[in-house]
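In: Kindly generate the corresponding structure for this input.
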Amino acid sequence: MLQIRPVGLGATLLAIVAFSAGCAHDPVDPRTGFQRGSYADGLAVGFVVNSGATSALKPYQRQRYTDKLASAILEFNPDLTGKLDSYGYVSARVGDGFSELINSYRLEGELSNRALRQIETAQLRRRYLMLATIAPVDQVVELPAEVRPRPGPSNYELDDYEQVRLHTVRLNLIRIEVYDTRGGQKVFEEEFSSDDQNTMLATEEGGVRYVGNSLLAAIANGVTNRIRHGSDLKHPKAPGKDVTLDHLWRQVAKSLPGAIKY
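Out: Have a look, this model is predicted:
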């Protein structure tokens, strides 16, 4: 059974849908200092890109997503205060070749040896560099209706009514990579889906519908409660992509070693 924790108000609610099963992720190399949670040398969140299979993000989108990811990381990892940089700093430090570096990463899916040398030359003040790719996964799923009996006020002994809740989710996927800018190598890689960690964002629509044979009860409830018929109940629109991505940035932030879990 779905468990709903609303995070919005209105006729259409934004909710967290919790499931009984999920999937876990394994880092590329759990032996690295980054995976053990050593942030002594800090973290730079360099940039977020669209996968090479889709159109490139506009510069303002790229910076906005990167700063949102960095903000989420800082929220759940307060020990990184004063040790976290984001798009503006990395862009300024790399200089004129930054756009070329971003485009190369977007098309190749990882930093090339040439790009790694470029990052090393830039001498970032944070040892670890995080990069994110938004995968070409954007799927809307209408979940099965959640239905439970609801007796009407005129016939409590009969289950002539149903309380119906409908949920629609959006599935997105991002890939996170972390590079050691001093060692010149990738130390962490993980994919995050919006249905990971047993939760996903969903919009919610609900109402009551009459399913019995009592005409008197149907009229009574229709007048007193303005009951919505089954034909009026439809799945709501899925959450916007930016809303789902905000959820994913927080999932990334909460997954880092030492992050606050709540």
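In: wait, isn't Asp196 in contact with Arg250?
Out: No: checked against CB atoms under 8 Å, the pair Asp196 and Arg250 is beyond contact range at 11.5 Å. In this view, the C-beta of every residue, glycine as well, is placed from N, C-alpha and C.
In: Okay, strands next: where are they in the stretch 151-262 of the chain?
Out: 161-180, 185-193, 199-210 (DSSP state E, counting those that start in this stretch).
In: Would you mind giving me the confidence score for Ile102?
Out: Note on Ile102: pLDDT of 97.
In: Is it correct that it is in contact with Arg62?
Out: Yes: here Ile102 reaches Arg62: they are 7.3 Å apart, a contact under CB under 8 Å.
In: Give me the common contacts of the two.
Out: Jointly contacting Ile102 and Arg62 under the rule CB atoms under 8 Å, 6 or more residues apart in numbering are 47, 49.
In: Mind checking which of the two has more residues around it?
Out: Ile102 (22 against 19; other CB atoms under 10 Å).
In: can you list the weak-confidence ranges in the stretch 51-200 of the chain?
Out: Along the stretch 51-200 of the chain, segments meeting pLDDT under 70 span 151-160, 197.
In: can you map out the helices along it?
Out: 59-76, 87-94, 98-108, 113-122 (DSSP state H, counting those that start in this stretch).
In: and those helices as a markdown table, adding distance to Pro144?
Out: A markdown table is the format used below for these (distance: least, CB to CB, whole Å):
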| stretch | distance to Pro144 |
| --- | --- |
| helix 59-76 | 31 |
| helix 87-94 | 41 |
| helix 98-108 | 37 |
| helix 113-122 | 46 |
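In: Show the contacting residues for Glu75.
Out: Contacts of Glu75 (CB under 8 Å, 6+ apart): 250, 253.
In: Repeat the analysis, applying 10 Å as the threshold.
Out: Contacts for Glu75 (CB atoms under 10 Å, 6 or more residues apart in numbering) come out as 249-250, 253-254, 259-260.
In: any idea which of the residues you listed is the one closest to Leu124?
Out: The closest of the contacts of Glu75 to Leu124 turns out to be Ala253 (CB to CB; 20.2 Å).
In: What pLDDT is listed against the closest one?
Out: 93.
In: my read: it touches Ile73, true?
Out: Yes: under the criterion of CB atoms under 10 Å, Ala253 makes contact with Ile73 at 4.5 Å.
In: quick one: the closest residue to Leu143 other than its chain neighbours and Phe192, what's the gap?
Out: Excluding the flanking residues, the one nearest Leu143 by CB to CB, 6 or more residues apart in numbering is His167, at 4.4 Å. From His167 across to Phe192, the span is 21 Å (CB to CB, to the nearest Å).
In: cool, and Pro144?
Out: Taking CB to CB, one finds Pro144 at 25 Å from Phe192.
In: same thing with Gly109?
Out: Counting by CB to CB - Gly109 and Phe192 are separated by 16 Å.
In: Which of these two has more residues huddled nearby?
Out: Phe192 (20 against 13).
In: The more buried one pairs with what?
Out: Under the criterion DSSP bridges, Phe192 forms beta bridges with Ile174.
In: Number of residues surrounding Asp96?
Out: By other CB under 10 Å, 6 other residues sit near Asp96.
In: my bad, His235
Out: 17.
In: rewinding a little: out of the contacts of Glu75, list just those in helices.
Out: 249-250, 253-254 (DSSP state H).
In: can you tell me which of those residues lies nearest to Glu204?
Out: For the ones in helices among the contacts of Glu75, the nearest to Glu204 is Arg250 (19.7 Å; CB to CB).
In: For Thr199, see how far away the closest one is.
Out: The spacing between Arg250 and Thr199, counted by CB to CB, is 11 Å.
In: go on, Ala115?
Out: 35 Å.
In: and Tyr179, what does it touch?
Out: So Tyr179 contacts 34, 44, 46, 110-111, 115-116, 119-120, 127-131, 185-189 (CB under 10 Å, 6+ apart).
In: Equivalent analysis for Asn172, please.
Out: Contacts of Asn172 by CB under 10 Å, 6+ apart are 134-139, 192-195, 200-201, 239, 241, 243-245, 247-248.
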